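J.: build the 3D model from these lines:
(chains A and B)
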Amino acid sequence: MLFDPHIHMTSRTTDDYQAMSDAGIRAIVEPAFWLGQPRTHVGSFEDYFLSLLGWERFRASQFGIRHLCTMGLNPKEANNARLADGVMELLKLYVEKDGVVAVGEIGYDDVTPHEEKYFMAQIELAKDAGLPILIHTPHRDKKRGTERTLAVVKESGIAPELVLVDHNNEETIESTLNAGCWAGHSIYPHTKMDEQRMVALVKKYGAERMLVNSAADWGVSDPLKVPKTAKAMLEAGIEQAAIDKICWNNPVAFFAQSGRFDPKEFGVELSVDQRELFQGNSVLRGQTPRTDAK
Amino acid sequence: MAEPETVVRLLLERRWPDAKRFLDKAERELVAPSSIGYRAAFASVPRRLGALAQEQLGEPVADLPALRPHWRMTDAARLWLLLGALWHVPVGEQGSWLLTLFEGGEIGEQVSILRSLAQLPHPERFVETGVAACRHNSLDVFEAIVAENPYMAAQFPELSFNQAVMKAIFNGVSIKRIEGLEARIKPELSRMAAGYASERRAAGRPVPEDATYLAEYGA
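T.: Below is the predicted model:
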């Protein structure tokens, strides 16, 4: 069983869900992020949050995939002073919802004072709600941005085992692991990390607190990067037990700290009944529904 | 020196046979710059210009120092609409008014607004719009603020300027297209570029020429 702990399924198709299911993905976490262009109303955030909790979880279930999500104000839109406070108010409600397993993605993008303010406020929100946090690290000025992220985390007093720092690479991994945080790696077709570089990192740093994800979204990305990386690790001679740890046990253990799901039950295959409806809507368009024996 | 609005109007009337009809009608909307009527007029410019919409001005224009030859007729007409509307927006609200217009615009409208920024009175009021454009995923929008535009070097604070330059490298936009770049290369930008070069080497990927140039600038 495989777990993709960072994927934006609202931007993906049912073909992707089918391929992910066929490749062995049984659980995903969809972090709240930005939609490729800035929202202009607080209400747009609320409908997005509701779709993560509702329709998207239903869609995933129709392909035998457990869907969890994180709630947060992303760093890019934290710069929009007219919306940020309104979204923070909404988050007080939405972090309490079932299926929400962390506050995220939060952190830095341009490393502005606004970003820092809402990053820190959301760490406090997570502490109050007893949730872990999922941190986005910046694309530009990455090393410095990651170091500053870790300094803010330390100063906040949140336990490092409740912190998943994402989008690591060769230059940030040591700081993240040394800080006691979990280290996410986004495997991308062209940017961030690729499968072979990930293999090298696992050989060097082991499997402890290591995660991989596809971070697939509305851009050029690949929702099968977790299975592809698992295969590359196996071919490179990494033990199956280490692969299972990175691609299933670690994300389960990290997000189970939310107390919002039972890790044992989590490992049981979901039974699919595509005859089900969500608020009267089906994912089917005239096909024969898949119905697993119960 | 002639008023910029007058200069733009003359330019439009000289090159666009229907200019007078459009401008006279649009003039009535200028008094309510947040109205649907004004926003619709702003959006409708390319349709009204028809075949002329994408025609480039092709040459500098006296008394409009921020205008560039690659501007389209569409951009010039929208500059006129912006200049006219700003008279009717209280000074303290001009920045947020333009930002709202920008956020509600499609890509073509956004490009016109960004090209116009440096030609507006008190351009320092519109920094938030310029910086917001750098978070955009559309390359057309990003290039409109970063490339062949004097606004960024003149108005951006250092952090936003540095981030925009680094994003240009990420997006494959040559930094040679950034006006006024050299005067704003500070040690912090060189450090960021050096950091990026190091990251690329660690990943076994080629280092872009622009990153090397910035990293070594002044060294």
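
J.: for the stretch 51-200 of chain A, what lies in contact range of chain B?
T.: Neighbours of chain B within the stretch 51-200 of chain A, by C-beta under 8 Å from any C-beta of the partner chain: A:76, A:79-80, A:82, A:109-112, A:139-144, A:169-171, A:193, A:197. For glycine as for every other residue, the C-beta is placed from the backbone atoms N, C-alpha and C.

J.: now list the buried members of these.
T.: Taking 16 or more other C-beta atoms under 10 Å in any protein chain shown as the criterion, what is buried in these is A:76, A:79-80, A:109-112, A:140-144, A:169-171, A:193, A:197.

J.: picking that back up, tell me which of the residues of the stretch 51-200 of chain A next to chain B fall in helices.
T.: Among these, DSSP state H puts A:Lys76, A:Arg82, A:Lys142, A:Lys143, A:Arg144, A:Arg197 in helices.

J.: how about TSV for these, with pLDDT and distance to A:Gly206 added?
T.: Shown next, in TSV, are these (pLDDT from 0 to 100; distance: C-beta to C-beta, whole Å):
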residue	pLDDT	distance to A:Gly206
A:Lys76	95	33
A:Arg82	90	46
A:Lys142	92	23
A:Lys143	93	22
A:Arg144	93	26
A:Arg197	95	16
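
J.: and those, which two are furthest apart?
T.: Between any two of these, the greatest separation by C-beta to C-beta is 40.1 Å, found for A:Arg82 and A:Arg197.

J.: so where is chain B shaky, pLDDT-wise?
T.: The model of chain B has pLDDT under 70 over residues B:1.

J.: and with 90 instead?
T.: For chain B, the stretches with pLDDT under 90 are B:1-2, B:62, B:135-138, B:218-219.

J.: likewise the stretch 101-250 of chain A?
T.: For the stretch 101-250 of chain A (pLDDT under 90), the answer is A:189-193.

J.: what residue is smack in the middle of chain B?
T.: Residue closest to the mean C-alpha point of chain B, counted by C-alpha atoms, centre = their mean, is B:Leu114 at 2.2 Å.

J.: show me what contacts residue 127?
T.: Reading this off chain A. Applying C-beta atoms under 8 Å, 6 or more residues apart in numbering or on different chains to A:Lys127 gives the contacts A:Ser156, A:Gly157, A:Ile158.

J.: wrong one, I was asking about chain B
T.: Neighbouring residues of B:Val127 by C-beta under 8 Å, 6+ apart: B:Gly95, B:Gln155, B:Phe156, B:Pro157, B:Ser160.

J.: now do 7 Å
T.: By C-beta atoms under 7 Å, 6 or more residues apart in numbering or on different chains, the contact list for B:Val127 reads B:Gln155, B:Phe156.

J.: helix/strand/coil for it?
T.: Under DSSP: H, G, I helix; E, B strand; the rest coil, the three-state class of B:Val127 is helix.

J.: quick one: it from B:Leu82, how far?
T.: 16 Å (C-beta to C-beta, to the nearest Å).

J.: what do you get for A:Arg144?
T.: For A:Arg144, the distance to B:Leu82 - C-beta to C-beta - is 38 Å.

J.: now swap in B:Ser96 and tell me
T.: B:Ser96 sits 15 Å away from B:Leu82, going by C-beta to C-beta.

J.: which one's more surrounded, the two?
T.: Each of B:Ser96 and B:Leu82 has its neighbours counted (other C-beta atoms under 10 Å in any protein chain shown); B:Leu82 has more, 23 against 15.

J.: could you say what helices and strands the longest helix belonging to chain B packs with?
T.: For chain B, the helix with the greatest residue count under DSSP H is helix B:187-202. Helix B:187-202 is packed against helix A:142-156, helix B:158-170, helix B:209-216, with contacts defined by 3 or more C-beta pairs under 7 Å, 6 or more residues apart in numbering or on different chains; DSSP states H and E.

J.: a markdown table please, covering those helices and showing distance to B:Ile178.
T.: A markdown table is the format used below for those (distance: least, C-beta to C-beta, whole Å):
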| stretch | distance to B:Ile178 |
| --- | --- |
| helix A:142-156 | 22 |
| helix B:158-170 | 7 |
| helix B:209-216 | 10 |
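
J.: residues touching the closest residue to B:Ile113 other than its chain neighbours, list them.
T.: Nearest residue to B:Ile113, sequence neighbours excluded (C-beta to C-beta, 6 or more residues apart in numbering or on different chains): B:Phe102, at 5.1 Å. The contact partners of B:Phe102, taken as C-beta under 7 Å, 6+ apart, are B:Gln110, B:Ile113, B:Thr129, B:Ala132.

J.: hmm, which two among those are most spread apart?
T.: The largest separation in the contacts of B:Phe102, counting by C-beta to C-beta, is between B:Ile113 and B:Ala132 at 10.4 Å.
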